[in-house]
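Asks: starting from these lines, generate the structure:
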Amino acid sequence: MSVKIRLQRHGKKGKPFYWIVAADARSKRDGKFLEKLGTYNPNTNPATIDLDIDGSVKWLQNGAQPTDTARALLSYKGVLLKHHLAGGVSKGAFSEEEAAKKFQAWLDEKAGLVTAKVDGLAKEDADAKTKALDAEKEVNAKRIAVVQEAEDAIKAEAAAVEAAAAVEAAAAKETIEEVAADTSSNDASEEVKEETAK
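Replies: Numbering: from 1, shown residues only. Predicted coordinates:
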């Protein structure tokens, strides 16, 4: 029986979630498996991979063959390196402690890279939010300026209407005063005529 380390799809439509399993090569993709080695969630950024490193190394030592995607995931988590180091220890190339030190150094370096990526993504997110906020502030400032211009135009129009009304009122007052003056002078001249006629 040949054993494969492969992905078994779970999750829902458009949101895949995978189990990393050791299964018989003849079984269905989502069918029976021998052992669940971990999970892989590609929906997060960076992708979330939880893996039993020692269990995966045991299966590799027993001859299990990973699929291409599973090989990439195992390499990313250091399983292939640990398998390689275990081969070196079994051949006597170096001791178990040296292998553990090398593996730990590799893990620390990998953790630094992942942390740098997470920090970079967080910074990009913050920059995008800042840009969006600045753009929104600029749009709001333009809206306020347009509203202010409209209010100023309305106030200027109202002032012009008031000025025109004041001019009309002054003209009407002058006309009334002229008419009153004409009528009073006419009345005075009529009084004079009446007096002279007496």
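Asks: please parse the protein into its domains.
Replies: 3-94, 125-198 (automatic domain parsing).
Asks: got the phi and psi for Gly14?
Replies: Backbone torsions of Gly14, given as degrees, to the nearest 10, read phi 80, psi -10.
Asks: now the helices for this protein?
Replies: Secondary structure of the chain (DSSP state H): helices located at 53-61, 68-77, 79-91, 96-197.
Asks: any idea how far Ala86 is from Ala93?
Replies: Applying CB to CB, to the nearest Å, the value for Ala86 to Ala93 is 11 Å. In short, each C-beta sits where N, CA and C put it, glycine included.
Asks: more neighbours, those two?
Replies: Ala86 (17 against 11; other CB atoms under 10 Å).
Asks: just the terminal-to-terminal distance for stretch 41-48.
Replies: Distance between the two ends of stretch 41-48: 5 Å, counting by CA to CA, to the nearest Å.
Asks: how far does it sit from its chain's centre?
Replies: 17 Å (CA atoms, centre = their mean, to the nearest Å).
Asks: and stretch 53-68, by the same measure?
Replies: 39 Å.
Asks: model confidence over it, on average?
Replies: On average, the pLDDT along stretch 53-68 is 92.
Asks: could you measure Lys15 against Val118, distance?
Replies: In this structure, Lys15 and Val118 are 21 Å apart, going by CB to CB.
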